[in-house]
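Return a 3D structure for these sequence lines:
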Amino acid sequence: MNEITIDARGLSCPEPVLKTREQILNQEVSEFKILVDSEVARDNICNQAELESFSFSIENQGEDYLITLKRRKKNG
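Next up, the predicted model:
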């Protein structure tokens, strides 16, 4: 699978979350990254990831944030 990175810098809420949710709903995607430039977008994406059973990590890149989301494996 190719690495997916979404550049959502400069987008106003709720656009970064909507772009994130698009990938979350794609059952073929187990991991992807999204680049944002605001704390609000970062926090909203992380909250959405938690709701959708994705784990996440955040990497600061200057004034931007690179969020890596990974689908959690289902137990059973």
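
Apart from its chain neighbours, what residue comes closest to residue 30?
Computed as Cβ to Cβ, 6 or more residues apart in numbering, the closest residue to residue 30 that is not its neighbour in sequence is residue 71, at 4.5 Å. All C-beta atoms are positioned from the backbone trio N, CA, C, and that covers glycine.

where's that neighbour relative to residue 27, distance?
Separation of residue 71 from residue 27 (Cβ to Cβ, to the nearest Å): 9 Å.

Centre of the chain to stretch 36-56, how far?
With Cα atoms, centre = their mean, to the nearest Å as the basis, stretch 36-56 stands 6 Å off its chain's centre.

Pull out the buried residues from that stretch.
If you call a residue buried by 16 or more other Cβ atoms under 10 Å, then stretch 36-56 has these buried ones: 36, 37, 38, 41, 42, 44, 45, 46, 48, 49, 54, 56.
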